[in-house]
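Enquirer: Here's my sequence, what's the structure:
(one chain, ligands or ions: 1)
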Amino acid sequence: MNKDEKKRAVKQESHLKERRGILVLDFGGQYNQLIARRVRENHVYCEIHSYKTDMADIRGMEPIGIILTGGPNSCYEEGAPCVSPELFSLGVPVLGICYGAQLMMHVLGGKVGRAPVREYGRIEVSVSAASPLFADVHEKTICWMSHNDYIEQMAPGFISSACTDNCPVAAAEDPSRSLYAVQFHPEVLHTQEGQTMLKNFVLGICKADGSWKMDAFIQESIEAIRNKVGNGRALCALSGGVDSSVAAVLMARAVGRQVTCVFVDHGLLRKDEADQVEAIFGPTGNFGLTFIRVDARERFFARLKGVTDPEKKREIIGEEFIRVFEEEARKIGQVEALVQGTIYPDVVESGEGGESAVIKSHHNVGALPDHVDFKELIEPLRYLFKDEVREAGLALGIPHDLVFRQPFPGPGLGVRIVGEVTPEKVHIVQEADAIWREELSRGGWDKNVNQYFAALSNMRSVGVMGDERTYDYAVLLRAVKTVDFMTAESADIPWEIIGRATSRIVNEVPCVNRVLYDCTGKPPATIEWE
Ligand code: GLN
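Expert: Down below sits the predicted model:
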């Protein structure tokens, strides 16, 4: 199999049938991951697939319900994303959201056109209490709208079940065929009763049993891993982060000593982190893992020397990782499979799960790089969201602190140092970061923010210390609040804490004469600093 074939093979894999799940057909909307997220909150499994998925494949998946997402196009335009009318006569309930709603009308003989007034933001919607979609929803309810087009005329058989001042058909339905369409976005939390509506759809209308629970997932995964590994051996890339730790423990549960966990100390870890990881997962820890710590610091620094381009840095670090693993694998002997802690948002953000734009390159998601020795790639968490991974981690007995650890990027401090990465700069960031984390937790703020760290700008400037001129680096402090890590807000940390961290950093860390706090959100910035 070449790389593309491998990607395709992975893409078509689906667990919808055995998990009695909901199929989310992706038309490129911004909130598609959220739809899947909200469905799963009801303990109902779901998967996101492209709207281009063949009808035959969709029938094979046997979803118990289908949700059509929003999307940027206008369905009446030439070449706009479309689906076969057959989708609506499978006998499976369908919920169309925004573009999905418009498309349902368009395909079934209604009329969609440019709305005289576009609606954007929180809008009051009047809903019909008789609709099963709006059971337990207030008759006037605030919903999130984002559309330029509207349903001018419903398709035959539909009735309007909600309206706004500007939009006579804010929702439509044909209960006899179990077809539902909403112009607003129930998946966005600004839609105050959106969660109830989605719950009504998946549990009420699709009759999901709400049994998608972690222990079921763990049992299923253990069996799948055993089948895949057989009598062979696997190598697990363990970074000490939440995802790879959960993947490693799951692997060990499934195949015990047939899996070897390799922890690469690339020199870009946080202060003392390598020792902490070894203490938990190494021979003295209690997970019974076969654990190897590789000191690869020098070779990473050698390859990063002189490199300033952020994408290039990511590429080098990712590539060097694989090389280290291959070498370790050769030492162990015959190793067939490489295990990675890829999770669902990585898959979707890589543009693989559906139609969403590629946001950043995640190495090796769903496919091995071109030249590797491993025959197989095992990604046991490939279909889980972050909080589900955490839930699985707790169910597997991983300590709470580790499970709720803040995320740390694979390329480590390599993406928290602007410009060239050198051992000296890494040392500065490690020390500054340790102080910042210490001061935030002392002030009780580590629980209020979702990610916080220090980074190093490539900027040096003039300062004065002990009456002497200095020409040193500026350290950047970051702390953000976010629910899903797709968007984030800078946290308003009390000045007192920032002040205390600042004076400790300039006093205790060499080569720093300035400390800056980053007030930018994501977008327009990203959370990391590279
Ligand atoms: N592009 C369509 C419109 O403007 C649908 C928008 C959406 O799905 N958010 O109405």
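Enquirer: what distance separates whichever strand or helix holds residue 439 from the middle of the whole chain?
Expert: Element membership for residue 439 (DSSP states H and E) is helix 423-442. Relative to its parent chain, helix 423-442 has a centroid offset of 26 Å by C-alpha atoms, centre = their mean, to the nearest Å.
Enquirer: Renumber starting at 35 from here on
Expert: I'll keep to 35 as the first residue from here, and by that count the last item is helix 457-476.
Enquirer: what angle do the helix or strand residue 486 falls within and helix 457-476 make?
Expert: If you go by DSSP H and E, residue 486 is part of strand 485-499. Counting by axes from the mean of the first three to the mean of the last three C-alpha atoms, to 10 degrees, strand 485-499 lies at 110 degrees to helix 457-476.
Enquirer: Does the helix or strand following strand 485-499 pack against any helices or strands, and if so which?
Expert: Proceeding N to C from strand 485-499, the next assigned helix or strand is strand 502-515, under DSSP H and E. Judged by 3 or more C-beta pairs under 8 Å, 6 or more residues apart in numbering; DSSP states H and E, strand 502-515 is in contact with helix 457-476, strand 485-499, strand 523-524, helix 529-542, strand 546-551. For the C-beta atoms, the positions are set from N, CA and C on the backbone; glycine is no exception.
Enquirer: Ok, which of the ones you listed comes nearest the ligand?
Expert: Nearest to the ligand among the helices and strands packed on strand 502-515 is strand 523-524 (22.8 Å), distances taken as C-beta to the nearest ligand atom.
Enquirer: Quick check: the nearest residue to residue 224 once chain neighbours are set aside vs residue 353, distance?
Expert: Spatial nearest neighbour of residue 224, chain neighbours left out: residue 178 (4.1 Å); criterion: C-beta to C-beta, 6 or more residues apart in numbering. Applying C-beta to C-beta, to the nearest Å, the value for residue 178 to residue 353 is 42 Å.
Enquirer: Comparing those two, which shows the higher neighbour count?
Expert: Applying other C-beta atoms under 10 Å to residue 178 and residue 353 shows that residue 178 carries more neighbours, namely 22 against 15.
Enquirer: Packing partners of the strand or helix carrying that one?
Expert: Using DSSP H and E, residue 178 sits in strand 174-187. Where contact means 3+ C-beta pairs under 8 Å, 6+ apart, strand 174-187 is packed against helix 133-141, strand 145-161.
Enquirer: Would you reformat these as a markdown table and include mean neighbour count and distance to residue 288?
Expert: Below are the helices and strands packed on strand 174-187 laid out as a markdown table (neighbours: other C-beta atoms under 10 Å; distance: least, C-beta to C-beta, whole Å):
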| stretch | mean neighbour count | distance to residue 288 |
| --- | --- | --- |
| helix 133-141 | 26 | 38 |
| strand 145-161 | 15 | 47 |
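Enquirer: Looking at those, which is nearest to residue 298?
Expert: helix 133-141 (43.4 Å; C-beta to C-beta).
Enquirer: What parts of the stretch 85-234 of the chain come near the ligand?
Expert: Proximity of the stretch 85-234 of the chain to the ligand (C-beta under 6 Å from any ligand atom) is limited to residues 104, 105, 106, 107, 108, 132, 133, 180, 181, 182, 183.
Enquirer: Provide the secondary structure category for the second one.
Expert: Pointing back at residue 105 there. coil (DSSP: H, G, I helix; E, B strand; the rest coil).
Enquirer: For it, give me its contacts.
Expert: 61, 62, 63, 115, 132, 133, 134, 389 (C-beta atoms under 8 Å, 6 or more residues apart in numbering).
Enquirer: do the third one as well
Expert: When contacts are counted by C-beta under 8 Å, 6+ apart, residue 106 touches 62, 63, 133.
Enquirer: one more time with 10 Å, if that's ok
Expert: Taking C-beta atoms under 10 Å, 6 or more residues apart in numbering as the criterion, residue 106 is in contact with 61, 62, 63, 64, 114, 115, 133, 182, 389, 391.
Enquirer: So which of those sit within strands?
Expert: residue 182 (DSSP state E).
Enquirer: ok, the contacts of residue 106 vs residue 153, which is closest?
Expert: Among the contacts of residue 106, and counting by C-beta to C-beta, the member closest to residue 153 is residue 182, at 8.8 Å.
Enquirer: Report how many residues lie close to that closest one.
Expert: For residue 182, using other C-beta under 10 Å, the count is 12.
Enquirer: these two touch, right, it and residue 110?
Expert: No - using C-beta atoms under 10 Å, residue 182 makes no contact with residue 110, being 11.9 Å away.
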